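Asker: Any chance you can model this:
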Amino acid sequence: MDISAQFSLLTCDSTKNRIMTILILTGAPGIGKTTTVIHSVKMLKNRGLNVGGVVSKEIRINNMRVGFEFVDLGTNETNVLAYVRS
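Answerer: Predicted coordinates:
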């Protein structure tokens with residue numbers, strides 16, 4: 001099992017002359033990408049940084065994946081992307 005992940009950083013100058021960094025994290029399912037991003041966002045927010053973006057999280061019932069939801073990293077709002085009713 002490959003437990004490696006890759007990430008890319010892109011720094012750009014937006015129209016308001018603010019520098020933003022875009023992080024893209026890729027890797028095999030189940031290695032902790034979403035968990036890493038969520039913990040990193042909490043740490044950055046605690047340091048007073050403005051963090052935004054989205055992550056997708058599994059929706060599980062009785063240890064079975066039944067769907068996915070998006071989490072807005074800026075507001076913590078969630079929306080269901082896909083859901084299978086049994």
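Asker: what about the helices in this structure?
Answerer: Taking DSSP state H, the helices of the chain run over residues 33-46.
Asker: What segments of it are strands?
Answerer: 5-13, 19-27, 54-61, 64-72, 78-83 (DSSP state E).
Asker: What average pLDDT does the third one get?
Answerer: If I follow you right, that is strand 54-61. Across strand 54-61, pLDDT averages out at 90.
Asker: re earlier: for residue 41, which of the strands of the chain is the nearest?
Answerer: strand 54-61 (8.5 Å; C-beta to C-beta). (C-beta placed from N, C-alpha, C; glycine too.)
Asker: For the closest one, which residues meet the burial criterion?
Answerer: For strand 54-61, the neighbour count (16 or more other C-beta atoms under 10 Å) marks 55, 59 as buried.
Asker: Strand 19-27 and that strand, what's the angle between them?
Answerer: 40 degrees (axes from the mean of the first three to the mean of the last three C-alpha atoms, to 10 degrees).
Asker: and strand 54-61, C-alpha only, in CSV?
Answerer: The C-alpha trace of strand 54-61 is given here as CSV (Å, rounded to 0.1, in the frame of the first residue of the first chain):
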residue,chain,number,x,y,z
VAL,A,54,-13.3,23.3,0.4
VAL,A,55,-12.6,19.7,1.3
SER,A,56,-14.8,16.7,0.6
LYS,A,57,-15.5,14.2,3.5
GLU,A,58,-17.1,10.8,3.4
ILE,A,59,-20.5,10.3,4.9
ARG,A,60,-20.5,7.0,6.7
ILE,A,61,-23.3,5.0,8.3
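Asker: If you count contacts, what does it end up packed against?
Answerer: If you count contacts as 3 or more C-beta pairs under 8 Å, 6 or more residues apart in numbering; DSSP states H and E, strand 54-61 packs onto helix 33-46, strand 64-72, strand 78-83.
Asker: Just checking: what are the partner strands of it?
Answerer: Here strand 54-61 has these sheet partners by DSSP bridges: strand 64-72 (antiparallel).
Asker: just to revisit the earlier point, can you add mean neighbour count and give the helices and strands packed on strand 54-61 back as TSV?
Answerer: Listed next are those as TSV, based on neighbours: other C-beta atoms under 10 Å:
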stretch	mean neighbour count
helix 33-46	14
strand 64-72	14
strand 78-83	11
